[in-house]
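Enquirer: Dropping the sequence and predicted coords here.
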Amino acid sequence: MHENVSFHSEGAEIRGRNFSHGDPLRPIVVMTHGTTATITMAIDLYAARIFEAGYDVLLYDHRNFGKSGGEPRQEINPWIQARGYRDAVAFLRNRAASRRIVLWGDSFSAGLALVAGALIDDISAIVAQIPVCGASVPETDFGAGAFNVMKKIFEDGDVEGGPEQTTGPIPVVSSDQINNPSLLAPIQAYRWFIEHGGRHGSGWENRATRVIPDLQAPCSPFVTARHLDMPVQMMVGEADEMVHCNLDAQKAVFERIPGEKEFVEIPGGHFGLLWHPSDEFEAAVNAQIVFLKKALPTEA
């Protein structure tokens with residue numbers, strides 16, 4: 001059903017799976033996982049369904065996670081992960097320059113898909129599933145100047161960050177936030193990660209370091225939203241438990257998007273649509289396929 005593939009990004013070998021129908025003109029969906037997860041933790045099931053619907057798929061682990069290379073292990077940096085999308089797209093275009101490419105992300109990577117989609121040329125559509133857009137609506141109204149700075153940082157800026165911008169290493173999840181606080185605090189996060197990450201072969205580790213460099217412009221969809229001129233689907237979780245998936249922030253990003261767009265709310269909080277089998281999973285993947293068929297028919 002798929003072939004194992006790899007490409008290079010930020011000095012590391014990024015590994016994933018390529019699902020192909022054998023038609024180089026068929027649209028392809030570039031998919032990657034959320035905070036500290038791996039591609040075997042539910043999104044492979046989304047990939048399989050999207051492939052069955054007629055789309056090719058490139059599904060990969062972020063740098064430093066899962067089967068992908070990179071050091072330090074388990075380190076999250078939004079700029080590095082956004083560049084991963086860029087290098088995945090370059091890899092595909094080296095194979096077939098005319099490919100119509102969709103960016104798909106979940107949670108943290110969904111926010112990054114809304115960033116990378118504006119910074120990579122000729123992206124055909126974006127599916128942002130339960131996107132991280134911030135804990136609140138920023139007081140700053142980012143203008144074109146911030147976007148231009150962001151483009152330069154994305155291209156070749158120093159995004160290493162320093163100790164004062166680094167959190168961890170700490171557990172990803174914990175059942176005891178008083179004595180053993182974790183990167184993701186809600187008990188729903190603990191339940192989902194322990195269940196899915198605890199499965200044989202997942203490659204998940206319960207530790208992470210997060211680096212958010214303090215640069216001239218943030219790696220934020222608030223900056224890029226006004227430059228998203230392709231069809232965009234934002235899918236949010238009803239009563240999302242994750243603090244950085246604030247509904248007001250998500251709606252503010254959505255309102256800024258000038259092009260064709262769709263806002264879908266799925267019950268079950270942040271993790272409902274990541275449980276399989278479930279009604280929430282079915283509702284989410286079916287809505288995504290309907291969106292893709294409308295925005296990017298496979299026969300076009």
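Expert: Sure thing, it's come through. Residues are numbered from 1 along each chain as shown.
Enquirer: Which parts of the stretch 51-200 of the chain are helices?
Expert: Taking DSSP state H, counting those that start in this stretch to define them, one finds helices in the stretch 51-200 of the chain at 78-95, 108-119, 144-156, 187-197.
Enquirer: Return the most buried member of the ones you listed.
Expert: helix 108-119 (a mean of 27; mean count of other Cβ atoms under 10 Å). Bear in mind the C-beta positions are built from the backbone N, C-alpha and C, glycine included.
Enquirer: which helices and strands sit right next to that helix?
Expert: Under the contact definition 3 or more Cβ pairs under 8 Å, 6 or more residues apart in numbering; DSSP states H and E, helix 108-119 sits against helix 78-95, strand 101-106, strand 125-129, helix 144-156, helix 221-224, strand 232-237.
Enquirer: tell me the angle that helix makes with strand 101-106.
Expert: Interaxial angle of helix 108-119 relative to strand 101-106 (axes from the mean of the first three to the mean of the last three Cα atoms, to 10 degrees): 150 degrees.
Enquirer: Show residues contacting helix 108-119.
Expert: Residues from elsewhere that reach helix 108-119, judged by Cβ atoms under 8 Å, 6 or more residues apart in numbering: 32-35, 62, 76, 78, 81-82, 85-86, 103-105, 123, 126-133, 147, 150-151, 154, 219-221, 223-225, 227-228, 230, 232, 234, 253.
Enquirer: what mean pLDDT would you report for it?
Expert: The average pLDDT within helix 108-119 is 98.
Enquirer: Can I get it in CSV? Just the C-alpha atoms.
Expert: C-alpha atoms of helix 108-119 as CSV (Å, rounded to 0.1, in the frame of the first residue of the first chain):
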residue,chain,number,x,y,z
PHE,A,108,0.7,21.8,16.5
SER,A,109,1.5,20.8,13.0
ALA,A,110,-1.9,22.1,11.8
GLY,A,111,-0.9,25.6,13.0
LEU,A,112,2.4,25.1,11.1
ALA,A,113,0.6,24.0,8.0
LEU,A,114,-1.2,27.4,8.1
VAL,A,115,2.2,29.0,8.4
ALA,A,116,4.1,26.9,5.8
GLY,A,117,1.2,27.1,3.3
ALA,A,118,1.8,30.9,3.0
LEU,A,119,5.6,30.6,2.8
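Enquirer: Now find how far off-centre it is within its chain.
Expert: Between the mean C-alpha location of helix 108-119 and the chain-wide mean there is a distance of 7 Å, by Cα atoms, centre = their mean, to the nearest Å.
Enquirer: That's all I had, so thanks and see you.
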